[in-house]
Structures are given as structure tokens and as C-alpha cells.
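**Student:** Sequence plus the predicted model coming up.
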Amino acid sequence: MTMKALRASLLRFDPTTTQAQFEEDGLLVIGPDSRGRQVVQAAGSYSALKDMYAQVPVEHLPGRILAPGFIDMHVHYPQTDIIGAPAAGLLPWLENYTFPAESRFADPAHASAVAEFFLDELARNGVTTALTFATSHPASVDAFFEAAQRRSLRMISGKVLQDRHSPDGVRDDTEQSLLDTESLIRRWHNVDRLGYAITPRFAPTSTDAQLHGAGELAKAHGDTWIHTHVSENKDEVKWVRELFPKARSYLDVYLGFNLMRERAVYAHCIHFDDDDRCLMRDTGAVTAVSPTSNLFLGSGFFDFEGADRIGYRYGLASDVGGGTSFSPFATMMAAYYAGREGQTKPGVSIPPSQLWWHHTAGAARALGLAGGVGNLQPGCEADFLVLNPAATPLLARKTKLADSLEELLFAMIVLGDDRLVERTVISQAMA
Ligand code: GUN
Ligand code: ZN
């Protein structure tokens, strides 16, 4: 397979300092690695690299920005059709919209159609990797992975485990759910670019036996992910306290079932105390921060300062259908708003380059995929975006006025949507 190069502005992140790096006139050289997978061969300034890669054909994209594909750390592909469903809070939203919508995924044809639409939507919005819930139906996992595999995507998903407090149509059987999970791990985990996540929905909808089985599977398959929800909503937290009176906290329930380790991804983590934050840090578990969902469902605000003070890892997520947009720009904007809540340090909320990092290289690091996706350093898989900062009249005007990288990134976060993403490129495996 031949090499190729793109010449445009170039955004990437220093893997050590996490700082954004920007080349006004950059070159991105793509070529196969030893397994034939397209990766970044070189990235830097055009003037520094052009002689070394003089034989490589160059596509020149004046006025465009090459940037890493975004990573959505927590989303529900089966909830695509219930985006924007109003409810008084999490629990009535689950009962009235979510469970009825998810019950339709017993039908493989429906699951396939939604998976294809969802992946189209991710691509249009510049999301190249996602950790997504499926539903409790094994067919929903097969449909998703088959669609992702055809597109050569790096995606992570898993069958939802929910054997109690769930209506007919989504409730599964304890023993069968664990057997199904095991066989789905064997069918899909580490196949091409796919990864499996053991996915208890949340503590209230699993029996002790199911949570115990999930923890056993997580131990037996140590490089799988664990994916669940925790401490999102006050009524939910109260319910968990009633269901698990011996646990110190909601998060402690999961610890008790051996569900905290690296590659364990906990959505929300809002109603936490410092003991919970220390538990996250000490076990290597990470948070998928989902600010549009938290604002939409009235759940609360993730404490960014608290996470940084204790020093545990997190990244950004849409949480569609609780979340209101597939666009990473909407998610970063909402994280900026949420970062103001309870802020004690003076200054602006989260800096734009850090918001962007949390949705790309930082999210990759949180998922245990650093150096693989979410960045455009040599060796990274070649999933990237061509952004057009002049995609709308206001974007063109505002980005031209930017005096610094922070101002440029913020203009795109505030004003950007799917129109900013001109092209989404996915790393291909070549024979
Ligand atoms: N908690 C349990 N299930 C869900 C879900 O589908 N979405 C959200 N946001 N929280 C949950
Ligand atoms: Zn969720």
C-alpha cells in the first residue's frame, strides 16, 4: 500500500504534557504499519517534512485543519430515536421512553438499521471511536459490531445486563445473560478494531448474582472494558442506598463486585464524595462526563475541580439519548458551562484546548487506547478529520479574527456543528 500525505493546518496533542500543538502549514503522512493498518507515519510542519517525503503524493487543502477524530466515551446507539425525550428526571425517562425504545432491539433488522444510522451520524459529526451501550438483546450487539466492522471502525460495545427492576422486553435472565456475555466476548473482543465492554446497566437493575457474574467475567477477560452508570441522579442514589444498605456509597457497590479496575468506565459520577474520587483514582477506573445529558435530565454537574484535585481520569461523552447532541462541539460547549458550576478557582472555565483534549487524546488515554487513537502522532491509527473553519459565514468571520490557538479552538467549539466537519477519514486495513 502506498503512502499519502495531506498538507493543511494540523492539530494534535503532546502525549506527555497533553498540550495542544498546532502547525499553521502542516503535513500529515499516512502509510501502512507492519500489519498493513494505515497509521500516521509523520506529522509536523510542511517545511520540515517536505524533503523527506518528496516522493509521497500530497493533497493540498488550503484553509483546512487536520485534527484527530473525536472519541465519545459513553453513548447509547439504541437511544438514537429518543434523543430529546422530555422527562422529570432519569427514572421516569427510563420507564417512559428508554425501555420501550430498547425493547425493539430484539429484532435484528431494527438493530441493524439503527446501528447504520448511528454510525453515519457519528461520522458526520467527526466521531471515529465510541464506547456504546447496546441493549439486553445479544442481536443488538451483533448488529452493531457487524456494521462497525464493515466500516473498519475502532468501536467498543456490549450487551446490557439487567435482570431485575426492568419491564418485560428488556429484562434478561441472570444465567443466560452471563453465558451470552461470555460468548459475545469470544465472538467480538479484539476482532479487527472492535472491543467488548461488560455492561451492567446500573446497580438497581441487576441482582447480586448478575453483578457477581459480571465481576467474574471482568476478571477472566482482563482487557475487556466495563461500562456502567453511577451517581447520576439523586432519586437513583437514594434507591441504591435502599437496595444495597451495606455499601458505603453507590460506587462502593461496584467495588464490592470487582467491577472497578482499569478500563472500567463509569458514566456521570456526579453525586460523589472524596472517598469515591479516591476509589476511582486508586482502582484506575475513569469517568465518562456527559454534560448535555446532565443538563437535559436535570441530573447535576460533574465536579471537574474535584476530579483534578484527587487526580483521577475522565473524558467527554454525549450520552445520547439522555444527551441532546451527537456533536462533540455541543458536548465541549456544555462541559464549558458545567465547568463553571461550583468553580472555586478564578479564571475562565476549562480552557478550550483542554476541552478538545478530553474529547480526543485524553479520552483515548482514559479508555486505555493512548497512542492508538485520539491523536495524530506517529504510530497513531489514521482516524482523522478535515475541518473547514470557514464552513459558515459566522465561523469564517470569527475564526479569522482569532489571535491565538485557544481563541481559534474556542470559536470552533462555540460555533461549530456537523458543517465544520468536511471529511471524516477512517484508517483502513490493506492487504
Ligand atoms: N442509568 C441507567 N440506564 C441509563 C440510561 O440509559 N441513560 C442514562 N443517562 N442513565 C442511565
Ligand atoms: Zn448513559
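**Tutor:** That came in fine, so what should we check first? Ligands and ions are numbered 1, 2, ... in the order given.

**Student:** which phi and psi does the residue lying closest to E216 once chain neighbours are set aside have?
**Tutor:** Counting by CB to CB, 6 or more residues apart in numbering, E216 lies nearest to N258, which is 7.5 Å off, once chain neighbours are set aside. For glycine as for every other residue, the C-beta is placed from the backbone atoms N, C-alpha and C. The phi/psi pair for N258 (degrees, to the nearest 10) reads phi 60, psi 40.

**Student:** Could you report the neighbour count for N258?
**Tutor:** By the measure other CB atoms under 10 Å, the count of residues near N258 is 17.

**Student:** D403 now?
**Tutor:** Around D403 there are 7 other residues, counting by other CB under 10 Å.

**Student:** quick one: contacts for the closest residue to A20 other than its chain neighbours?
**Tutor:** Excluding its sequence neighbours, the residue lying closest to A20 (CB to CB, 6+ apart) is S353, at 3.9 Å. By CB atoms under 8 Å, 6 or more residues apart in numbering, the residues touching S353 are Q19, A20, L405, E406, L409.

**Student:** Likewise for A411?
**Tutor:** Neighbours of A411 in contact, by CB under 8 Å, 6+ apart: P389, L395, K398, T399, L401, A402.

**Student:** how about the fourth one, what does it touch?
**Tutor:** T399 is in contact with P389, A390, L408, A411, M412, counting by CB under 8 Å, 6+ apart.

**Student:** Between the residues you listed, identify the one with the most neighbours.
**Tutor:** Of all those, the highest neighbour tally under other CB under 10 Å goes to M412, namely 25 neighbours.

**Student:** doesn't L387 make contact with it?
**Tutor:** Yes. When contacts are counted by CB atoms under 8 Å, M412 is listed as touching L387 (7.1 Å).

**Student:** list residues touching both of the two?
**Tutor:** Residues touching both M412 and L387 (CB under 8 Å, 6+ apart) are L420.

**Student:** any idea which of the contacts of A411 is the one closest to ligand 1?
**Tutor:** Of all the contacts of A411, ligand 1 sits closest to L395, with 30.7 Å by CB to the nearest ligand atom.

**Student:** and the closest one, helix, strand or coil?
**Tutor:** Here L395 is recorded as helix under DSSP: H, G, I helix; E, B strand; the rest coil.

**Student:** closest to R64 among the contacts of S353?
**Tutor:** Nearest to R64 among the contacts of S353 is L409, at 15.2 Å by CB to CB.

**Student:** Who are the contact partners of the closest one?
**Tutor:** For L409, the contacting residues are L11, A20, P352, S353, L355, W356, by CB under 8 Å, 6+ apart.

**Student:** likewise D163?
**Tutor:** Counting by CB under 8 Å, 6+ apart, D163 touches R171, D172, D173, T174, S177, T205, S206, T207, A209, Q210.

**Student:** pLDDT (mean, whole number) over the longest strand anywhere in the chain?
**Tutor:** The longest strand of the chain (DSSP state E) is strand 20-32. Average pLDDT, strand 20-32: 98.

**Student:** again with stretch 279-296
**Tutor:** For stretch 279-296, mean pLDDT is 98.

**Student:** Phi and psi next, for the residue in the chain that ligand 1 sits nearest to.
**Tutor:** The minimum distance from the chain to ligand 1, using CB to the nearest ligand atom, falls at G322 (3.4 Å). For G322, the backbone dihedrals (degrees, to the nearest 10) come out as phi -70, psi -40.

**Student:** What about it, how many residues nearby?
**Tutor:** Number of residues near G322 (other CB under 10 Å) recorded here: 31.

**Student:** for E59, same thing?
**Tutor:** 12.

**Student:** Kindly report the same for E95.
**Tutor:** E95, neighbours per other CB under 10 Å, totals 13.

**Student:** For it, which non-adjacent residue is spatially closest?
**Tutor:** Leaving aside its chain neighbours, E95 sits nearest to P167 (7.8 Å; criterion: CB to CB, 6+ apart).

**Student:** got it, and R281?
**Tutor:** The nearest residue in space to R281 (CB to CB, 6+ apart) is Y312, at 3.9 Å.

**Student:** what about the one you found, which SS state?
**Tutor:** What three-state DSSP gives for Y312 is coil.

**Student:** just to revisit the earlier point, in terms of contact, does the residue nearest to E216 touch L211 like I think?
**Tutor:** No. In this structure N258 lies outside contact range of L211 using CB under 8 Å: 9.1 Å.

**Student:** show me what contacts A382?
**Tutor:** Neighbouring residues of A382 by CB under 8 Å, 6+ apart: I30, Q38, V39, V40, V425, I426, S427.

**Student:** do the same with R313
**Tutor:** Residues in contact with R313 (CB under 8 Å, 6+ apart) are M280, G284, V286, T287, G362, R365, A366.

**Student:** Over to G379?
**Tutor:** Listed by CB under 8 Å, 6+ apart, the contact set of G379 reads D33, V39, V40, G371.

**Student:** Distance of A85 relative to Q176?
**Tutor:** Per CB to CB, to the nearest Å, A85 is found 30 Å from Q176.

**Student:** re earlier: let me see the contact set for the residue nearest to E216.
**Tutor:** Counting by CB under 8 Å, 6+ apart, N258 touches G215, E216, A218, K219.

**Student:** Go again with 10 Å.
**Tutor:** By CB atoms under 10 Å, 6 or more residues apart in numbering, N258 lies in contact with L211, H212, A214, G215, E216, L217, A218, K219, I226, A264.

**Student:** Show me just the buried residues among the residues you listed.
**Tutor:** L211, H212, A214, G215, L217, A218, I226, A264 (16 or more other CB atoms under 10 Å).

**Student:** wait, the fifth one sits on I185?
**Tutor:** Meaning L217. Yes. Assessed by CB atoms under 10 Å, L217 is found in contact with I185 at 7.2 Å.

**Student:** Mutual contacts of these two, please.
**Tutor:** With CB under 10 Å, 6+ apart as the test, L217 and I185 both reach Y196, I198, T224.

**Student:** Redo those as CSV? Include pLDDT, distance to G300 and neighbour count.
**Tutor:** As requested, those are exported to CSV (pLDDT from 0 to 100; distance: CB to CB, whole Å; neighbours: other CB atoms under 10 Å):
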residue, pLDDT, distance to G300, neighbour count
Y196, 99, 30, 26
I198, 99, 26, 27
T224, 99, 29, 21
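
**Student:** Tabulate these (TSV), appending secondary structure and distance to ligand 1.
**Tutor:** Formatted as TSV, the shared contacts of L217 and I185 follow (DSSP: H, G, I helix; E, B strand; the rest coil; distance: CB to the nearest ligand atom, whole Å):
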residue	secondary structure	distance to ligand 1
Y196	strand	19
I198	strand	15
T224	coil	20
